[in-house]
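Chemist: how does the following fold in three dimensions:
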Amino acid sequence: MKRRDFISQSAAVGSGLLMGAPIFADDQIAEEKQIVKNAAQPAKQIHVGIVGCGRQGRAIINVGLKIPNIKITAVCDILLSARRSAKLYIESESEDENAEVAMYSDFHEMLGKEKGNLDALVIATPDFLHAQQTIEALNAGLHVYCEPMMATNASGARAMIQASRDHSRLLQIGLERRSDPRYRHAAGKLLQTEESRDLLLGIVTHLETQANRRVHSELIWAERDTLPDEILKRYNYESMSQYRNWKQYRKYCNGQCANFLAQQLDVLEWFFKIRPREVAASGGQDYYKYGDTFDNTAALLTYAFPKGIVRGICRVWTTTSAGGTLPFEHVFGENGSLQTSLSGEFFRLYAEPGLAKWNEFLRRGDLIKVNVAKEDEDPNLIKVRETGNVVPYQLPVARTGSVIQLHLANFANAVLGTEKLNCSGEDALPSHIIAWTIAESAETGKTIPFRDEMFGE
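Modeler: Predicted structure coming up:
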């Protein structure tokens, strides 16, 4: 079975998931662009098990096979067709002609029988299973890569972090923006110091994030994939519909809105090391007629930046493609604005008219000015009629390949001791707490203050 066949034939089965501060040396940007290539002949491989062979699990398998220091040797899913398809795909696509992948329906059986054979697990199951499975894997001496959300509440997430500390095992959370070289360049070159932040933005005036996805139908399943009632009950599912559509039910997750918010607000936590003072949110089940999670949420966050109060607007719409707008995070300041996105098309920087301060970034090679002159026109010519236009800039780095691949490769290299984790449990927890609090505000209709003790400080 070829890679494209595996992806298309498996689309309707399985359980899935939607999906430390960087240290920069002069040559590190180029290294990040070629992180997988640089590890082409690793001294050692780590043996990895995949728990959850749904959409996100399949995506991880697909990129994991491209990372030379990862060897996927076991898969686990309660759905036979999902785990069987994953096993056959890995064995057929592996460079090792004798590759054999163990296949399990039960997570605990996998931990027991694979003891001593595995170095790490990837947890790509529904959110409500993440904390328990991660903790048990860490207790068994395995390193863990866990997809977001970490858990369905702060206590579960903190227990994961504590288990990682207790057993001296790594816990990487799949907030993949932390491994995107463009985000890392912005964090490490443009925003790393107060001086650089002042040059780029000046006084920050407001923040904005947006995530959206098109309307989707209720997921169905093939008759052959119908799970017996005893198996559904064992995993707390009342029906196959709940199993297939778990993202729509609060008993299994915090909703897709919370997932998007945690991933995007982690960028602000990472870039500015600052957390909101309060949130007032609104949301509801406005469109979908099944499940009980919110499909649309909007939040107003209040931040106390060093130079004044900053308002942030966060929007998540799961009912529209928004005219082709892809998820983005945008920070606005008196000197200019920085819009970040996993899409290169939406990763933009704009200087305010007449601003000369960004010349320092050009001199250092941290930004590239975009030539917007018309054909046969002097790009250095300043026209009066255009002096009100902002000036666009680009980064001198780009991402090649999948950000999932980069994030998973970072995890593998951290296990081997050649890198630091880009997103530990400690790194990921604050944005999760903010997202859970936004969900609570939307649910209750109340403005909720953020207190230091909420973050364990």
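
Chemist: got any ranges where this protein has weak pLDDT?
Modeler: Within the chain, the ranges that satisfy pLDDT under 70 run 1-43, 372-388, 457.

Chemist: can you list the domains in it?
Modeler: 3-178+402-425, 181-399+432-455 (automatic domain parsing).

Chemist: save these as a markdown table, and put in mean neighbour count too.
Modeler: Quick note: C-beta positions are derived from backbone N, CA and C, even for glycine. A markdown table is the format used below for the domains of the chain (neighbours: other CB atoms under 10 Å):
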| stretch | mean neighbour count |
| --- | --- |
| domain 3-178+402-425 | 20 |
| domain 181-399+432-455 | 17 |
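
Chemist: show residues contacting the helix or strand containing Leu300.
Modeler: Taking DSSP states H and E as the definition, Leu300 sits inside strand 296-305. Here strand 296-305 makes contact (CB atoms under 8 Å, 6 or more residues apart in numbering) with 204, 207, 257, 261, 272, 274-284, 286-287, 309-319, 434, 438-439, 441-442.

Chemist: tell me where the stretch 101-250 of the chain has strands.
Modeler: For the stretch 101-250 of the chain, the strands defined by DSSP state E, counting those that start in this stretch cover 102-104, 120-123, 143-146, 171-173, 204-212.

Chemist: looking at those, spot the one closest to Ala86.
Modeler: Between Ala86 and the strands of the stretch 101-250 of the chain, the tightest spacing by CB to CB is seen for strand 102-104, at 7.9 Å.

Chemist: strands paired with that closest one, and their directions?
Modeler: Here strand 102-104 is paired, per DSSP bridges, with strand 70-76 (parallel).

Chemist: now the element after the strand it pairs with, going C-ward?
Modeler: Using DSSP H and E, the first helix or strand after strand 70-76 is helix 80-93.

Chemist: please name every helix or strand in contact with that next one.
Modeler: Under the contact criterion of 3 or more CB pairs under 8 Å, 6 or more residues apart in numbering; DSSP states H and E, helix 80-93 touches helix 3-9, helix 55-64, strand 70-76, strand 102-104.

Chemist: with distance to Gln45 added, can I get those in TSV?
Modeler: Shown next, in TSV, are these (distance: least, CB to CB, whole Å):
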stretch	distance to Gln45
helix 3-9	21
helix 55-64	11
strand 70-76	5
strand 102-104	16
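
Chemist: tell me the contacts of the residue minimising distance to the centre of the chain?
Modeler: The centroid of the chain falls nearest to Leu175 when counting by CA atoms, centre = their mean (2.8 Å). Listed by CB under 8 Å, 6+ apart, the contact partners of Leu175 are Pro148, Ala262, Gln263, Asp266, Cys423, Asp427, Ala428, Ser431.

Chemist: at 7 Å instead, please
Modeler: By CB atoms under 7 Å, 6 or more residues apart in numbering, the contact list for Leu175 reads Pro148, Gln263, Asp266, Cys423, Ala428.

Chemist: what is the nearest of those residues to Thr325?
Modeler: Nearest member of the contacts of Leu175 to Thr325, counting by CB to CB, is Gln263, at 16.3 Å.

Chemist: so can I have TSV of the strands of the stretch 101-250 of the chain showing distance to Pro392?
Modeler: Listed next are these as TSV, based on distance: least, CB to CB, whole Å:
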stretch	distance to Pro392
strand 102-104	51
strand 120-123	39
strand 143-146	36
strand 171-173	33
strand 204-212	18
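
Chemist: between the ones you listed, which one is nearest to Asn69?
Modeler: Among the strands of the stretch 101-250 of the chain, strand 120-123 sits nearest to Asn69 (CB to CB), with 11.2 Å.
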